[in-house]
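1. next comes the sequence, and after it the predicted model I'd like to discuss.
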Amino acid sequence: MNTKLSILFYAKRAKTNTDGLVPIYLRVTVDSERIEFSTKRFTQPDKWSVEGNRMKGTTDEAKAINTYLDTLKAKVYEYQQQLVRENELVNAENMRNKILGVEKRRNMLVAIFEKHNDEMKALVGKEFAEATYQRYITSLKHTIDFIKWKYKVSDIDIRKIDHEFITSYEFYLKSVCNCCQNTAVKYIKNFGKVVRICLANGWIERNPFFNYKSKIKEVDRVFLSQDEIETKFNKEFSTYRLNQVKDIFLFSCFTGLAYADVKKLTRNNIGIGVDSEHWIFINRTKTDTRSNIPLLPISAAIIEKYRDHPQAVNQERLLPILSNQKMNSYLKEIADLCGIHKELTFHIARHTFATTVTLTNGVPIESVSKMLGHKNLHTTQHYAKILDLKVSNDMKDLKEKFGNGNLVKLKKSVG
């Protein structure tokens with residue numbers, strides 16, 4: 001879009017001073033919108049040429065003032081070109097700021113990111129989980145380190161964020177930070193939220209993520225087999241703490257609850273479901289989605305076992321759970337003692353519920369998704385892809401049908 005700009009100098013007779021001199025004013029018109037400034041120069045009314053927009057005559061005074069006015073005019077055109085180069089609108093407001101030397105407040109990336117994180121912190125426990133807030137803190141740190149690494153500055157104007165910035169950031173995360181594909185994509189996704197804030201506020205006009213593609217790489221989810229669950233269930237350890245950790249891990253295996261959700265469970269989360277049996281009713285900490293889970297006998301037995309445990313009673317919790325770090329540390333020891341050659345963490349219990357406990361035993365994927373509190377079925381389908389055992393069980397009847405004896409009969413019938 002072409003901007004129409006005109007420049008006019010005129011003598012403002014309404015402001016004649018006590019010496020009879022009138023001030024010379026500069027008028028800049030941008031698309032019919034006027035802005036006016038005093039040039040700080042004066043002239044006698046009869047020595048001003050309205051038609052020429054300058055002083056009459058060839059005196060030293062006239063030459064000096066006219067040269068100054070020509071310089072001002074050249075500067076106005078230069079300011080216009082500066083706005084074009086800076087991708088700013090050439091309008092009356094921006095021209096006024098340029099002429100007066102008022103620097104437009106720049107929107108800086110790190111400052112915006114910090115403000116976002118401060119607001120998120122205030123909403124932890126209301127709209128966001130503590131873990132989500134911490135991920136954005138880490139994401140901000142990576143962003144700051146990247147800007148210093150690539151641009152050698154502590155912050156950068158949001159208008160300089162482009163497609164090349166995004167791809168370089170991803171390269172930095174994978175190379176310098178040694179992040180795996182999925183971790184790098186998650187940090188880029190966090191950064192993308194800040195970009196969307198800038199777009200919504202009109203601080204940038206073009207989305208730098210346009211044409212950017214980076215996919216999450218599917219990973220094999222570790223889970224326990226039926227034999228491994230039974231091994232853990234039947235194993236009695238010499239220390240009370242290991243048995244306690246084993247029980248709470250098994251509780252998660254048969255409810256599908258993540259660590260944060262097991263930790264916050266109280267007796268108020270236990271109620272009567274549509275089948276008149278006991279269910280767990282809880283909003284997931286991570287997504288705030290509802291999970292309604294029927295209590296299986298083993299889960300109910302574990303709850304009853306720890307009903308009067310001092311830690312559970314004092315904290316008004318359903319189960320006496322340790323910190324996530326300690327739970328994972330003990331689980332590695334339990335895996336060694338049980339001969340389970342997998343990197344055991346508490347979250348594997350949730351995977352085990354989705355695979356071995358439910359999908360393998362014929363529970364419909366829609367029901368599993370609802371109990372896990374997934375927002376969409378696609379997330380649950382990742383578990384279904386890894387169930388070779390389920391495929392094997394489904395094929396048993398077919399194997400029997402095409403056994404050696406039946407195969408002979410089949411050949412004869414075909415012949």
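-> Noted; the coordinates are in hand.

2. remind me, longest strand of this structure?
-> The single longest strand within the chain, with elements called by DSSP state E, is strand 33-43.

3. and the contacts of it?
-> 9, 11, 17, 21-29, 55, 65, 68-69, 72, 91-92, 95-96, 99-100 (CB atoms under 8 Å, 6 or more residues apart in numbering). Where C-beta positions appear, they are placed from N, C-alpha and C, glycine not excepted.

4. for stretch 376-388, give the mean pLDDT please.
-> Average pLDDT, stretch 376-388: 71.

5. what do you get for stretch 347-361?
-> Here the average pLDDT along stretch 347-361 is 90.

6. tell me the buried residues in that stretch?
-> Across stretch 347-361, burial judged by 16 or more other CB atoms under 10 Å covers 348-360.

7. can you give the contact residues for that stretch?
-> Contacts to stretch 347-361, defined as CB under 8 Å, 6+ apart, come from residues 221-226, 229, 249-250, 252-259, 342, 365, 367-368, 371-372, 380, 383-384, 386-387, 389-390, 393.

8. chain center to that stretch, what's the gap?
-> Here stretch 347-361 is found 28 Å from its chain centre; the criterion is CA atoms, centre = their mean, to the nearest Å.

9. quote the end-to-end distance of it.
-> Stretch 347-361 has an end-to-end distance of 20 Å (CA to CA, to the nearest Å).

10. how does the chain divide into domains?
-> The chain breaks down by automatic domain parsing into domains covering 5-100, 109-200, 226-384.

11. end-to-end on the first one?
-> Across domain 5-100, the straight-line distance between its terminal residues is 17 Å, by CA to CA.

12. tell me how far residue 280 lies from residue 374.
-> Residue 280 sits at a distance of 16 Å from residue 374 (criterion: CB to CB, to the nearest Å).

13. about what we covered before: how about JSON lines for the domains of the chain, with distance to residue 214 added?
-> Output for the domains of the chain, formatted as JSON lines (distance: least, CB to CB, whole Å):
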{"stretch": "domain 5-100", "distance to residue 214": "26"}
{"stretch": "domain 109-200", "distance to residue 214": "5"}
{"stretch": "domain 226-384", "distance to residue 214": "18"}
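
14. quick one on the thing from earlier: between residue 280 and residue 374, who's got more neighbours?
-> residue 280 (23 against 20; other CB atoms under 10 Å).

15. strands paired with the host helix or strand of the more buried one, and their directions?
-> Using DSSP states H and E, residue 280 maps to strand 278-283. Take DSSP bridges as the rule and strand 278-283 pairs in its sheet with strand 270-272 (antiparallel), strand 290-294 (antiparallel).

16. most tightly packed of those?
-> The highest mean neighbour count among the strands paired with strand 278-283, using mean count of other CB atoms under 10 Å, belongs to strand 290-294: a mean of 17.

17. pretty sure residue 300 is in contact with residue 278, am I right?
-> Yes. Assessed by CB atoms under 8 Å, residue 300 is found in contact with residue 278 at 6.4 Å.

18. thought residue 275 was touching residue 294?
-> Yes. Counting by CB under 8 Å, residue 275 touches residue 294, with 7.2 Å between them.

19. give me the buried stretch members for the longest strand of the chain, please.
-> For strand 33-43, by 16+ other CB under 10 Å, it's 35, 41, 42, 43.

20. could I get those as JSON lines with distance to residue 161 and pLDDT?
-> Shown next, in JSON lines, are the buried residues of strand 33-43 (distance: CB to CB, whole Å; pLDDT from 0 to 100):
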{"residue": "35", "distance to residue 161": "31", "pLDDT": "91"}
{"residue": "41", "distance to residue 161": "44", "pLDDT": "93"}
{"residue": "42", "distance to residue 161": "48", "pLDDT": "93"}
{"residue": "43", "distance to residue 161": "50", "pLDDT": "93"}
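
21. grab the nearest non-local neighbour of residue 68.
-> Closest residue to residue 68 apart from its sequence neighbours, by CB to CB, 6 or more residues apart in numbering: residue 41 at 6.4 Å.

22. mean confidence for the helix or strand containing residue 166?
-> Element membership of residue 166, judged by DSSP H and E, is helix 163-175. Across helix 163-175, pLDDT averages out at 95.

23. mind listing residues that contact it?
-> Applying CB under 8 Å, 6+ apart, the contact partners of helix 163-175 are 142-143, 146, 149-150, 179-181, 183-185, 187-188, 191, 208-212, 214.

24. so what's the gap between it and the chain middle?
-> Helix 163-175 sits 16 Å away from the centroid of its parent chain (CA atoms, centre = their mean).

25. report the buried residues of that helix.
-> For helix 163-175, a neighbour-count test (16+ other CB under 10 Å) marks 165, 166, 169, 170, 172, 173 as buried.

26. list the residues that contact the closest residue to the last one other than its chain neighbours.
-> In space, and not counting its chain neighbours, residue 173 is closest to residue 184: 4.0 Å by CB to CB, 6+ apart. With contacts defined as CB under 8 Å, 6+ apart, residue 184 is in contact with 170, 173, 174, 177, 214.
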